[in-house]
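[1] Predicted model, plus sequence, below.
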Amino acid sequence: DVSSGGNSVSMYREWFWDYGGSQAESHGHFITQVSDGGFVQVGETGSLPNSAKVFVVKVDQNGLLLWQKEFGNTGHNLGNSMIETSDAYWVVGSQGQDSMLLKLDKSSGDTLIEKKYDLGGNDAIEAMIQTPTGFVGVGYHSADDPNNTFFTGGQGLVVFFDQSGNKLSQQDVNQYLAHPYRIKTFDNSYIISGLTAGAEDYGVLKYSSNFDLSWYRVIGGDQPDHNFAMDVAADGSIYLA
């Protein structure tokens, strides 16, 4: 039982399945429910820097496997997150220490578009959102600790793509975030969260639709604080975890 606000809620496991990749270790960084009721999980099979491949698993609403796919030659590859559009799943991360974007067929997982971008040094895209004209991604470049899958000691950036995943431009946000993790939209604005320099605190930014900075906040205590998740409620409240 889980107690919340004086009330007890009974919870029980409905199902559990596990699916492995071709390498010795498989681990997920991100999972989301998709429009057909199933789930897509993104991560790696194997370990950095020598044995990792991007690993994507699609299951139905009961957790039964529909397809699983691996991407990139064995080495330094990261599967960080994904979004669903009307016609595909878009996976972001890195391949061979360069930022990566994959467009996958929903029913089969087959590759429809594959893009790599050298954004500077060791770089990766952590998360992406769809906009009316394309996509906006957040991540880092010039990582000092490239084999760390949580905080790389890099420099934060925002990347703009067209609807086919072609890179249009990139903008440095390192003065605010060393490692942006999540991006959301609310009321014609962009909200970006992640880790400040040295992974010392939570950082959250709000930009206008023209990508002018509206405000910046730092949240944390005396010890390091690691912000890996964000959501925005219908009233504009921002939740960081």
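    Arrived safely, thanks for sending. Residues are numbered from 1 along each chain as shown.
[2] what about residue 100, how many neighbours?
    24 (other CB atoms under 10 Å). Placement of C-beta: from N, CA and C, glycine included.
[3] cool, residue 235 as well?
    Neighbours around residue 235, by other CB under 10 Å: 6.
[4] can you confirm it is in a helix?
    No. Residue 235: not assigned to a helix; according to DSSP: H, G, I helix; E, B strand; the rest coil it is coil.
[5] Please name the residues that touch residue 55.
    Contacts of residue 55 were listed using CB atoms under 8 Å, 6 or more residues apart in numbering, and they are 21, 26, 28, 42, 43, 44, 45, 68, 69, 70, 79.
[6] er, residue 27 actually
    43, 44.
[7] show me the contacts for the nearest residue to residue 26 once chain neighbours are set aside.
    Among residues not flanking residue 26 along the chain, residue 45 sits closest, at 4.3 Å (CB to CB, 6 or more residues apart in numbering). Each residue near residue 45 by CB under 8 Å, 6+ apart is listed here: 20, 21, 22, 23, 25, 26, 52, 53, 55, 70.
[8] how close does residue 45 get to residue 23?
    4 Å (CB to CB, to the nearest Å).
[9] how about low-confidence regions in this structure?
    Within the chain, the stretches with pLDDT under 70 are 1-6.
[10] Select the longest strand from it.
    strand 65-75 (DSSP state E).
[11] CA atoms only for that strand - export them in PDB, please.
    Backbone C-alpha positions of strand 65-75 (Å, rounded to 0.1, in the frame of the first residue of the first chain) are rendered in PDB as follows:
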ATOM      1  CA  LEU A  65       7.200  -7.400 -27.600                       C
ATOM      2  CA  LEU A  66       6.300  -5.900 -31.000                       C
ATOM      3  CA  TRP A  67       9.800  -5.100 -32.200                       C
ATOM      4  CA  GLN A  68      13.300  -4.200 -31.000                       C
ATOM      5  CA  LYS A  69      16.000  -2.500 -33.000                       C
ATOM      6  CA  GLU A  70      19.700  -1.700 -32.500                       C
ATOM      7  CA  PHE A  71      21.600   1.200 -34.200                       C
ATOM      8  CA  GLY A  72      25.200   2.200 -34.600                       C
ATOM      9  CA  ASN A  73      28.400   0.100 -34.800                       C
ATOM     10  CA  THR A  74      29.500  -1.200 -31.400                       C
ATOM     11  CA  GLY A  75      31.200   1.700 -29.600                       C
END
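[12] if we can go back for a sec, dig out what the residue nearest to residue 26 forms beta bridges with.
    residue 26, residue 53 (DSSP bridges).
[13] returning to that earlier point: okay, and the common contacts of residue 45 and residue 23?
    52, 53.
[14] Now for residue 59: which residues touch it?
    17, 19, 38, 39, 41, 65, 66.
[15] any chance of those residues in TSV, plus distance to residue 99?
    As requested, the contacts of residue 59 are exported to TSV (distance: CB to CB, whole Å):
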residue	distance to residue 99
17	31
19	26
38	27
39	25
41	21
65	29
66	27
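[16] Could you give the number of residues near residue 123?
    25.
[17] That one against residue 139, yeah?
    Yes. If you go by CB atoms under 8 Å, residue 123 and residue 139 touch, sitting 6.6 Å apart.
[18] tell me, what's touching those two both at once?
    In contact with both residue 123 and residue 139: 99, 157, using CB under 8 Å, 6+ apart.
[19] what about the helices in the chain?
    Counting by DSSP state H, no segments of the chain form helices.
[20] which of the contacts of residue 59 are buried?
    38, 39, 41, 66 (16 or more other CB atoms under 10 Å).
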